[in-house]
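1. Let's see this in three dimensions:
(4 chains)
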4 protein chains.
Amino acid sequence: MKSIGFIGLGHMGTPMVKSLLKQGHQVKIFDVVADAVAACAEDGAIPTLSLSELANDAEVIFTMLPTGQDVENVWLNQAGLLNHAKPGTLLIDSSSIDVQTTRRLADLAEKKGLHVLDAPVSGGVAGAKAGTLTFMVGGNEEDFLTAKPILASMGTTIVHAGPHGNGQAAKICNNMILGISMIAVSEAFTLAKKLGLSAEKLFEISSHASGQCWSMTSYCPVPGLVATSPANYNYAPGFTAQMMLKDLYLSQQAAQMSHTSTPLGALATELYNLFVNQQHGQLDFSAIINMIAGKE
Amino acid sequence: MKSIGFIGLGHMGTPMVKSLLKQGHQVKIFDVVADAVAACAEDGAIPTLSLSELANDAEVIFTMLPTGQDVENVWLNQAGLLNHAKPGTLLIDSSSIDVQTTRRLADLAEKKGLHVLDAPVSGGVAGAKAGTLTFMVGGNEEDFLTAKPILASMGTTIVHAGPHGNGQAAKICNNMILGISMIAVSEAFTLAKKLGLSAEKLFEISSHASGQCWSMTSYCPVPGLVATSPANYNYAPGFTAQMMLKDLYLSQQAAQMSHTSTPLGALATELYNLFVNQQHGQLDFSAIINMIAGKE
Amino acid sequence: MKSIGFIGLGHMGTPMVKSLLKQGHQVKIFDVVADAVAACAEDGAIPTLSLSELANDAEVIFTMLPTGQDVENVWLNQAGLLNHAKPGTLLIDSSSIDVQTTRRLADLAEKKGLHVLDAPVSGGVAGAKAGTLTFMVGGNEEDFLTAKPILASMGTTIVHAGPHGNGQAAKICNNMILGISMIAVSEAFTLAKKLGLSAEKLFEISSHASGQCWSMTSYCPVPGLVATSPANYNYAPGFTAQMMLKDLYLSQQAAQMSHTSTPLGALATELYNLFVNQQHGQLDFSAIINMIAGKE
Amino acid sequence: MKSIGFIGLGHMGTPMVKSLLKQGHQVKIFDVVADAVAACAEDGAIPTLSLSELANDAEVIFTMLPTGQDVENVWLNQAGLLNHAKPGTLLIDSSSIDVQTTRRLADLAEKKGLHVLDAPVSGGVAGAKAGTLTFMVGGNEEDFLTAKPILASMGTTIVHAGPHGNGQAAKICNNMILGISMIAVSEAFTLAKKLGLSAEKLFEISSHASGQCWSMTSYCPVPGLVATSPANYNYAPGFTAQMMLKDLYLSQQAAQMSHTSTPLGALATELYNLFVNQQHGQLDFSAIINMIAGKE
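-> Have a look, this model is predicted:
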């Protein structure tokens, strides 16, 4: 049992806290949204009123926040973790943020005697609730081994991707492929339909051929082919188009920072951008097939 | 045992004829390249000097030619199959050509009392030599059933995709996803490397995650990850970039004809076009990772 | 005064016939739409009931038709121009069609002793009505000189672009730049607005700087900056998005045929395709700024 | 005559300092490169050894630095301008940096009682040497009026684009159109050539038609058409591909920050990225026509 702090009680953070509590950890929580705090407190989490109070006796502190700027504020502000966590504390940032900020924050934290991991997740809200998240972890081997059993309270796949930032790097590289291949599958099924080739036939052929990809065989954007696909539930997320756009933006920031050319990644980003700007950001990201197909 | 005619003895046609001969079929052959004819004749195929001679007593006639114009010439010319094949003959076009031409030729042939299937293949030269091709077949159910045991001499997966043209449609939809996802994987592994994330780690993570695709897990463009990948053999094909460009062109023709929007398909086409124009058309199509990575 | 035949009395053809009549030419007309024929007849054109009747004593015959297939039918069918025009007749195709068909038809017509020019236009319906079209002409110098005074009845700029097909080539190359630059301007003004830079300021700066282009300074997609822009009239065409898509399709056919890489041309095509598929094809092509800006 | 500080004596900064000296201003200079300082000192500029020394009695201080991070360091560091410039000093940043950093720095500087303008330039090294730069200026009207006569020492077009950051916004919006249209023109001339249409003819037609743009008529990437084009001098810059890529990157950062969809901007960025990664970054940006045309 560990003494854990958890900052950020959104759609992901809340079920993650509950998973930690189920494993018997003591969890102190902090969020600016009172309702979120109250909901976790009902399950046994201990509310705190400041980051310093939360950091006071925590062995491990998670952050699960929307943007790199948010994490920067929580870590670096006067009242933040770097000024108030005890030396030796392990900070685990499970937010999805840019690699550059992750690495800069890790440097600053280590200079304060803190241990740091980046550990973004995949699996979405459903995975967080079921405790089946995947954690992609960047940081030292030793810290990874410390964190692994704790992360295992919340997820089933815990991978060490290398030094600081590599958890973020792994996530955005994976999700860039995901965003591109979802549009690719959407284009192919739309083209097939217009050519008179049924979705069932294309699925039957391509799911066992060189066009096979997770976007098709595990999450098909056409209804009726994969039972668990959001396509069967009016594209209720799942993983929203807005979240996919956020990850694609992170991929493009990383590409720009590292002078990597990612033409399909860039175009996929712009297509999701068009889709979100057309007010569809809260649909599952597989709903982009409707934009490709010309449906309003 | 059938009496079969086979027109087009290129890299694909020649091993296909040999597969047919092995199964005991009688195969008459025609090609304008004398050496190709001679090579097949050594294995027992019967050379003919004209399409009419070939068509004379054939029950089934294959065409395996580079372009739709070639197929059109062989089928429609004065000396061609529609004028010389007996009513009831089954014409099987295994060329990869555009859907529109396929459907037009089928209409014309049926008016002459001929049976018609389009049956393009995937699997490449290696699949043709091993007799493990995949046939995607368009046409009537009855004709499909007639053809199936013959195609089984040359391939292991024989799928009926629907009416005329649907074999072509299935192939180009599949290969459009393939071309896009190969570039997507190339971009992601290039980005990972520049971010300090090893190819091994990204492969380990993404091959079991939402970025999984055949281009990565069965044909990875980075050397050392998938034993059979052309990447391990200096990108010796396999399936050339030139052939991928041809299939992407066919997808864009079909998209244009059917007013389907395929932005990623279009961009993948242009990227392969750039790659081929830079004199790399004879490399395996996975070599496009070198262009993405900025290697000359 | 010439004896002229004119086939194709659509939005463009009708005012072109009227321009010819105004200059005193005798014009025989043919169209399958009776109303269109009647409208031109009122102005003095002579209706005919068949292509052979029209071709009977014409010195020059124009075709102004929607697609290459239409032109092919009118020229090549049994009842068509190649079989019924007198040797020495000058055929002028002002349709916008693909270069390959243009060149093939020219070859066939010349073998029949006919003279041939391709002479697609720009300037739209407004230009046709005002007699201020631009003609881009492909064919022999001598035929060009014959045609020039006739074309001058309908247009103010008559350019000889080289041999057969070069009129079409010039038009699609020009319009590919136009389609791309219209989207470029749309993106830039949308970005400026979101950054708090007024359209007036960007226009003031860029119209005299390196971003200057006709799409901005003569046809600005933002209302209020260029008096004659369709943007000021709710994007009433002008030149419809559907017509722009047609020309972009032609550019992509030509690019594919000639193995030219046109990545921005391809993406502009797909963006117009998305826009037309969202039911906006009848708006002026500058209305694409609304899709870029995320307006429904 | 003003007492001016100038920080950043690169290819642009050095001739700008010389222009200021010619107009009789007193110019104190600072740069980490001793040779650059010495070169300006020869012309009468006064070297300083620290930012505080430079800031001591300056009425106006220019920064002309490569990146936003550089400007941030010079303005915000302990030894930097915000800590050492006297209240009332006018800081003019002529660097091309991102809008967000520009606005943040302006806020911080104003809180210190400083006046601030962003004033990025176009016109390149040639314009800097000739004193014919264009300044696009963001900030208060009053500060703009103070700066205008000083900027007029170095440039011929001085435009007030609005509040802080609007100078940067104007520059990147303009240059995004420029980058896109240069590739558009490159594609069109490449396509024309492959279709047998001469560059001369296309130029003659399009330079007076709807495809007209500055990239064609003032800076044509094909040699022999516009006398001053770098195309006529083996693509010696001019404005390097590397610099264009930098500006396109800035446009994409601004687009991402403001959730603007810029599909052609994104693709143009990636194409310049490919070109630069192929080791052509030091060529003029119009040399991208060679990549489009498939020349190594």
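2. Quick check: phi and psi at residue A:218.
-> Dihedral pair for residue A:218: phi -120, psi -10, per degrees, to the nearest 10.
3. Which pLDDT value goes with it?
-> What the model reports as pLDDT for residue A:218 is 96.
4. can you tell me the average pLDDT over stretch A:270-287?
-> The average pLDDT for stretch A:270-287 rounds to 97.
5. what about it, start to end distance?
-> 15 Å (CA to CA, to the nearest Å).
6. so how far is that stretch from its chain's centroid?
-> Centroid displacement of stretch A:270-287 relative to its chain, using CA atoms, centre = their mean, to the nearest Å, is 18 Å.
7. Return the set of buried residues in that stretch.
-> A:270-278, A:280-281, A:283-287 (16 or more other CB atoms under 10 Å in any protein chain shown). From N, CA and C alone the C-beta is placed, and that goes for glycine too.
8. out of those, who's nearest chain B?
-> The closest of the buried residues of stretch A:270-287 to chain B turns out to be residue A:271 (CB to the nearest CB; 6.2 Å).
9. when you compare where the helix or strand that closest one falls within runs with where helix B:263-275 runs, what's the angle?
-> Using DSSP states H and E, residue A:271 falls within helix A:263-275. Interaxial angle of helix A:263-275 relative to helix B:263-275 (axes from the mean of the first three to the mean of the last three CA atoms, to 10 degrees): 160 degrees.
10. Would the next helix or strand along the chain from helix A:263-275 count as contacting chain D?
-> Downstream of helix A:263-275, the next assigned helix or strand under DSSP H and E is helix A:288-292. No - using CB under 8 Å from any CB of the partner chain, helix A:288-292 never reaches chain D; the gap is at least 11.8 Å.
11. Do any residues in helix A:288-292 lie close to chain B?
-> Yes - legend: contact between helix A:288-292 and chain B by CB under 8 Å from any CB is shown at residue A:292.
12. Quick one: distance of that helix to the chain centre.
-> 23 Å.
13. Could you see whether chain C lies near that helix?
-> Yes - Helix A:288-292 reaches chain C (CB under 8 Å from any CB) through A:291, A:292.
14. quick one: low-confidence parts of chain A?
-> Residues of chain A meeting the criterion pLDDT under 70: A:296.
15. Show me where it has its strands.
-> A:3-7, A:26-30, A:46-47, A:60-63, A:90-93, A:115-118, A:121-122, A:133-139, A:155-162 (DSSP state E).
16. Now distance to chain C and mean neighbour count too, for those strands, in JSON lines please.
-> Below are the strands of chain A laid out as JSON lines (distance: least, CB to the nearest CB, whole Å; neighbours: other CB atoms under 10 Å in any protein chain shown):
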{"stretch": "strand A:3-7", "distance to chain C": "31", "mean neighbour count": "25"}
{"stretch": "strand A:26-30", "distance to chain C": "34", "mean neighbour count": "22"}
{"stretch": "strand A:46-47", "distance to chain C": "39", "mean neighbour count": "15"}
{"stretch": "strand A:60-63", "distance to chain C": "30", "mean neighbour count": "25"}
{"stretch": "strand A:90-93", "distance to chain C": "30", "mean neighbour count": "27"}
{"stretch": "strand A:115-118", "distance to chain C": "31", "mean neighbour count": "26"}
{"stretch": "strand A:121-122", "distance to chain C": "28", "mean neighbour count": "23"}
{"stretch": "strand A:133-139", "distance to chain C": "32", "mean neighbour count": "27"}
{"stretch": "strand A:155-162", "distance to chain C": "33", "mean neighbour count": "21"}
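17. Put together CSV for those strands, with distance to chain D on each row.
-> Putting the strands of chain A into CSV (distance: least, CB to the nearest CB, whole Å) gives the following:
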stretch, distance to chain D
strand A:3-7, 25
strand A:26-30, 27
strand A:46-47, 34
strand A:60-63, 23
strand A:90-93, 21
strand A:115-118, 21
strand A:121-122, 22
strand A:133-139, 23
strand A:155-162, 24
